[in-house]
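1. Here is my input; please provide its structure:
(2 chains)
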2 protein chains.
Amino acid sequence: MENQFYCLVMAGGKGTRFWPESTTEKPKQYLSFLGKDSLLTKTLFRVEGLIPSENRYIVTLKEQEKYAKDFSKGLCAKEGLIFEPSGRNTAPCILLALAHLLDNGADLDDVVAIVPADHVILNEKGFRETLQICFKVALEHQSIVTIGITPHFPHTGYGYIQKGSRVQDAFKVEGFKEKPNLETAKEYVASGDYFWNGGIFVSQIKTLLKEFEELAPEMFKHFNSLRGNPNNLKNIYEMMPSDSIDYAIMEKSKKVMVVPANFDWNDLGSWEALESLIPQTDGNTIVKCQDNYLENSKGNIVYAPNQLVTLLGVEDLIVVSNDKALMILPKSQSQKVKNIVEFLKKNQSTTKYL
Amino acid sequence: MENQFYCLVMAGGKGTRFWPESTTEKPKQYLSFLGKDSLLTKTLFRVEGLIPSENRYIVTLKEQEKYAKDFSKGLCAKEGLIFEPSGRNTAPCILLALAHLLDNGADLDDVVAIVPADHVILNEKGFRETLQICFKVALEHQSIVTIGITPHFPHTGYGYIQKGSRVQDAFKVEGFKEKPNLETAKEYVASGDYFWNGGIFVSQIKTLLKEFEELAPEMFKHFNSLRGNPNNLKNIYEMMPSDSIDYAIMEKSKKVMVVPANFDWNDLGSWEALESLIPQTDGNTIVKCQDNYLENSKGNIVYAPNQLVTLLGVEDLIVVSNDKALMILPKSQSQKVKNIVEFLKKNQSTTKYL
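-> Numbering: from 1, shown residues only, chains lettered A, B, ... in the order given. Next up, the predicted model:
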């Protein structure tokens, strides 16, 4: 029997960096900054022609069911939505999803591509070509293949992958490095030996499970109990140690290889990230609005889908306005959106804005 | 028969300085920046106890009927709404209103106070005391009495009234001065001889009509035709020369006297004007919003009645957000709201925002 290819979209993120547009019920993956499709929809479309829709699954949270369903309609398997019973980070989440895949007809020999739901990749052809290489490498070497993004500046917010010796189209992995300081990040970029970790993994199911068994036995011992939709799923799930796939498996495994990305990549870490993706309007980034009047204003990033936006004599601001909230802050302080979110969390009367 | 007192509220303004909240259909006089009552409602309440509601009339435009009616309910005469057939400035408008008053039972000997609908006066008691002095002066001297506002800085956007010799509680008027340059305005303020023209006039009806007859005969000759709700009102009205009451009558009349205001006064000339009327919130003027989060932000003026407003690291901005539009500009450029309005007028697709 030939190997089947599966796609597992990780859509459980509750990202608050795009507040006020991103909310608990509708996080980033369900937003559509570029065109009309949500990031989740674009993620599913991206594997078109490579992975059939009936082999696509989405892991998310129950509170996101409505949007997950809406934005994956016709683009994933019939039983394509997998709900985390609670938040236990990515490692238990992947085990839960693999159990679901096997329950729904996947074979241990089949290959799964695990991809985040909320990244932007414009070059879809390049993405598919890279993914095909990953499939080949994963099968030939029984490895867990990560996609490495060539860094184009010393970003201190990403994990880095140090490459080892070349093996045909891939590289062995020398090591995973946590978010570096700027000095270290500069060295990484200058050396040419490091990739950004884009959070995309490809592996045969059996390879992944074997690594879980060996490297995370306390977690893996519950795997069989997750099979067949048990009644006490939540209890089982909550017995599993909370950990990320990076810590639990990738950083420890000897079977990891890295394939360089042959495509652009943007994880949309903040409102500011949209600046490089959207054509300028008179020197401003108008993500969405009904109409605009811009006088003597430049460098602003604006998202106000339901309004006429008029800016006069203002520069380098992030301006977000929706039915519930209005946020204005300088681009240079874009990371402080989290301060607002933290404040809103603390007050019962303001949690409705999250 | 004792003299009756009437109030004529001039509510036909189409002010655009409070765009986007002020629109063609709902100009400034129908907005409520301070508390829940509109400026029109507050204007009518202000004469409570001095002029009975059945003697209060409102001149406005047909397109403002809905709001004029809503905001004057129970506070003006049964036939209290007078509609200008078209815009001919204040002089024909006042003649039209006087015809309507006489048609509805007013006597030529009665006294009318003509007041703008869109000014803010907090000291209502002081206003009523001043108005009572005006009534007395108007009757004793058969004069047209204006209320003079003591200038508290050399404003270049107002007309000034030069006072002459004192006559009991009033002054004769030496002359009306148009908007001065800053140098001249400074001299006016320093001299102590000038008032701001607050646009409030008190006179017996017969005195006003006599002055119209003498000083604006081309206009006055149509007065009798305006009586009795003629079918061709619009035609008659449009034959009258368009002119302001200031140019047509006040600046030429020898019968004008001025009574100093014993109250605060603010004509709300721009969003910035609200700064002196609303208590500060952490150094900002939050006119309206649902909730707010202000971090490292000061000097901003915010009007966003339906939203949570979050400002972080921004200063001295005017921020206005409603269902249709969002406007952001520095306070120092508040007069440029008119640029936006001019732009919106020019484009058929954008007139819906006016």
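
2. Please tell me how far A:Tyr30 sits from chain B.
-> Per CB to the nearest CB, to the nearest Å, A:Tyr30 is found 21 Å from chain B. Where C-beta positions appear, they are placed from N, C-alpha and C, glycine not excepted.

3. what's the answer for A:Asp118, then?
-> Distance of A:Asp118 to chain B, given as CB to the nearest CB: 23 Å.

4. next one: A:Asn262
-> From A:Asn262 to chain B the distance is 39 Å (CB to the nearest CB).

5. so that residue sits right up against A:Gln132, yeah?
-> No - A:Asn262 lies out of contact with A:Gln132 (CB atoms under 8 Å); the separation is 10.3 Å.

6. Can you name the residue of the stretch 151-300 of chain A nearest chain B?
-> Closest residue of the stretch 151-300 of chain A to chain B, CB to the nearest CB: A:Tyr293 (5.5 Å).

7. I'd like to know how many residues surround A:Glu280.
-> One correction, residue A:280 is Gln, not Glu. If you count neighbours by other CB atoms under 10 Å in any protein chain shown, A:Gln280 ends up with 11.

8. The one 4 residues further on now?
-> By other CB under 10 Å, 24 other residues sit near A:Asn284.

9. Quick check: phi and psi at it.
-> Backbone torsions of A:Asn284, given as degrees, to the nearest 10, read phi -120, psi 160.

10. likewise A:Gln335?
-> Dihedral angles (degrees, to the nearest 10) for A:Gln335: phi -70, psi -10.

11. got a list of what it touches?
-> A:Ser270 (CB atoms under 8 Å, 6 or more residues apart in numbering or on different chains).

12. Can you name the residues of chain A that neighbour chain B?
-> Within chain A, the positions near chain B by CB under 8 Å from any CB of the partner chain are A:20, A:291, A:293, A:295, A:304, A:306-314, A:317, A:319, A:321, A:323-330, A:333, A:336, A:339-340, A:343-344, A:349-350, A:353.

13. run the last query once more with 6 Å
-> Residues of chain A lying close to chain B (CB under 6 Å from any CB of the partner chain) are A:291, A:293, A:304, A:307-314, A:321, A:325-330, A:333, A:336, A:340, A:343, A:350, A:353.

14. how about stretch A:172-186 as PDB, C-alpha atoms only?
-> The C-alpha trace of stretch A:172-186 is given here as PDB (Å, rounded to 0.1, in the frame of the first residue of the first chain):
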ATOM      1  CA  LYS A 172      21.100  17.200   9.700                       C
ATOM      2  CA  VAL A 173      20.300  19.300  12.800                       C
ATOM      3  CA  GLU A 174      23.100  20.300  15.100                       C
ATOM      4  CA  GLY A 175      20.800  21.800  17.600                       C
ATOM      5  CA  PHE A 176      17.800  24.000  18.400                       C
ATOM      6  CA  LYS A 177      18.500  27.300  20.000                       C
ATOM      7  CA  GLU A 178      16.000  29.300  22.100                       C
ATOM      8  CA  LYS A 179      15.300  32.900  21.400                       C
ATOM      9  CA  PRO A 180      18.700  34.500  21.400                       C
ATOM     10  CA  ASN A 181      19.800  38.000  22.500                       C
ATOM     11  CA  LEU A 182      20.600  40.500  19.700                       C
ATOM     12  CA  GLU A 183      24.300  39.800  19.800                       C
ATOM     13  CA  THR A 184      23.800  36.100  19.500                       C
ATOM     14  CA  ALA A 185      21.200  36.500  16.800                       C
ATOM     15  CA  LYS A 186      23.600  38.600  14.800                       C
END
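
15. Can you tell me which residue is spatially central in chain A?
-> With distances taken as CA atoms, centre = their mean, the residue of chain A nearest its centroid is A:Pro116 (2.7 Å).
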